[in-house]
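Asker: Quick one, structure for this:
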Amino acid sequence: MNIVLEDVTKHYGNKLVLDKLSLTIPEGSCVALLGPSGCGKTTLLNALAGLTNIDGGHIRYDGLTWSSKGYTMVPEERNIGMVFQDFALWPHMNVFENIAFSLRLKKCPLKKIKEQVAEVLDAVQMNGFEKRYPNQLSGGQRQRVAIARALVTHPSLMLMDEPLSSLDAQLREKMRWEIMRIVRGADITTVYVTHDQAEALSLADQVILLNQGRIEQANSPTKLYREPATVFAANFLGCSNILHGQVVERCGDYSLVNCQGLNIYTLGKLTLGQEVKVMIRSGDILINTQGQDPGSFLEAIVLQRSFQGVTWQYRAALEKAPDIQLEVWSTQEIEVFEPIQLWLPAERCRILKEISDNDKMAAIC
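Answerer: Residues are numbered from 1 along each chain as shown. Modelled structure (predicted):
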């Protein structure tokens, strides 16, 4: 069954945290709530869990109202599993006891408890660790136990609150793959809260980008990354170059935008004279190479460079508009102050919403 949120509103004092937020979470999907600190993602997760009341709207599941103004179904009646940021394992209980705790509360027979604990330990590849205590486990192992504890009751909904934030970078990368394997294998509807775009894009079927308690944009990871609709979405997800300009010509399915004297072709039939913001990802700009499709050639000079292991990260000033610097990613190694030609494919140049008169320059991540 789908989880349906309609006009969900939440205040903390005079601060509006969730602003009439509506969302449908399909059964069996993995949805990531992504956004900066204070955008409302953890509050929304707690509302789904029944850990916080809402001030307006409804949260419904399988025909039942979970939350509405003045009513909150208690968490134990929602059949949810939750993985916390700090794992929240009982330090005086071993792995088996931690996982079995909720089953004991439900007064399940011992045989059933042993079977279900063994099942989830196998799912998270922690067989043989039953008698160890949390302080005898690594960070990744503790995380697996926390996930097993959430899975053991066969929940209808799994909620994960930034579960990788306390791990180091290498372990976080490894656990991303593990969580993906476990969540897909369990086929449980999952809501995953994170401020890390790599986690959201790699784990989720759908990413919900939140901004100040509202949904800025919601889409599949690839669509959201390649086709951001707003300046906020473009800058929060990946590295973007954003130019302000005016539409000066229409050429079939393309439009020509003048950006401070630069002619930028973009896909889309726009209105002549319209002021727009044109976005292109740093990885979509080609260096010293002309593509086959319509696009724009710009002369530039490399001002800075940084080696990122797989690619080089460059900042280049444009010859016709020296005040504008574009960030470009490429596997080519180019020296600082070397002149280059940049090719901006028209189909990769996106028009963004929310034009600001105070932002006339190129915005670099």
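Asker: And the chain, split by domain according to the record?
Answerer: 3-231, 239-364 (automatic domain parsing).
Asker: Least reliable of the ones you listed by average pLDDT, please.
Answerer: Across those, domain 239-364 has the smallest mean pLDDT, namely a mean of 88.
Asker: got the contact list for Q143?
Answerer: Taking C-beta atoms under 8 Å, 6 or more residues apart in numbering, we find Q143 in contact with V83, F87, P163, L164, L167, M175. Placement of C-beta: from N, CA and C, glycine included.
Asker: How about I208?
Answerer: Applying C-beta under 8 Å, 6+ apart, the residues contacting I208 are L23, V31, A32, L33, L34, I215, A218.
Asker: Look up how far G63 lies from the first one.
Answerer: Right, the one you point to is L23. Noted for L23: a distance of 18 Å to G63, by C-beta to C-beta, to the nearest Å.
Asker: next one: the last one
Answerer: Taking C-beta to C-beta as the criterion, A218 is separated from G63 by 24 Å.
Asker: Those two: who's more crowded?
Answerer: It is A218, of A218 and G63, that has more neighbours when counted by other C-beta atoms under 10 Å, with 16 against 6.
Asker: Who are the packing partners of the longest helix seen in the chain?
Answerer: Longest among the helix segments of the chain by residue count, using DSSP state H, is helix 169-186. Judged by 3 or more C-beta pairs under 8 Å, 6 or more residues apart in numbering; DSSP states H and E, the packing partners of helix 169-186 are helix 110-123, helix 139-151, strand 157-161, helix 197-203.
Asker: Determine which of these approaches H11 most closely.
Answerer: H11 lies closest to strand 157-161 among these, at 20.9 Å (C-beta to C-beta).
Asker: Can you spell out which helices and strands pack onto the closest one?
Answerer: Here strand 157-161 touches helix 41-49, strand 80-83, helix 169-186, strand 189-194, going by 3+ C-beta pairs under 8 Å, 6+ apart.
Asker: ok so, going back, between the longest helix of the chain and strand 189-194, how big is the angle?
Answerer: 160 degrees (axes from the mean of the first three to the mean of the last three C-alpha atoms, to 10 degrees).
Asker: Dump helix 169-186 to PDB, restricted to CA.
Answerer: Output of helix 169-186 as PDB, limited to C-alpha atoms (Å, rounded to 0.1, in the frame of the first residue of the first chain):
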ATOM      1  CA  ALA A 169      34.400   8.100   4.300                       C
ATOM      2  CA  GLN A 170      35.700   4.600   3.200                       C
ATOM      3  CA  LEU A 171      33.200   2.800   5.400                       C
ATOM      4  CA  ARG A 172      30.400   5.000   4.400                       C
ATOM      5  CA  GLU A 173      31.000   4.100   0.800                       C
ATOM      6  CA  LYS A 174      31.000   0.400   1.600                       C
ATOM      7  CA  MET A 175      27.900   0.600   3.700                       C
ATOM      8  CA  ARG A 176      26.000   2.400   0.900                       C
ATOM      9  CA  TRP A 177      26.400  -0.700  -1.200                       C
ATOM     10  CA  GLU A 178      25.400  -2.900   1.800                       C
ATOM     11  CA  ILE A 179      22.200  -0.900   2.500                       C
ATOM     12  CA  MET A 180      21.300  -1.000  -1.100                       C
ATOM     13  CA  ARG A 181      21.600  -4.800  -1.100                       C
ATOM     14  CA  ILE A 182      19.700  -5.200   2.100                       C
ATOM     15  CA  VAL A 183      16.800  -2.800   1.300                       C
ATOM     16  CA  ARG A 184      16.400  -4.200  -2.200                       C
ATOM     17  CA  GLY A 185      16.400  -7.800  -0.900                       C
ATOM     18  CA  ALA A 186      13.900  -7.100   1.800                       C
END
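Asker: All good on my end, thank you.
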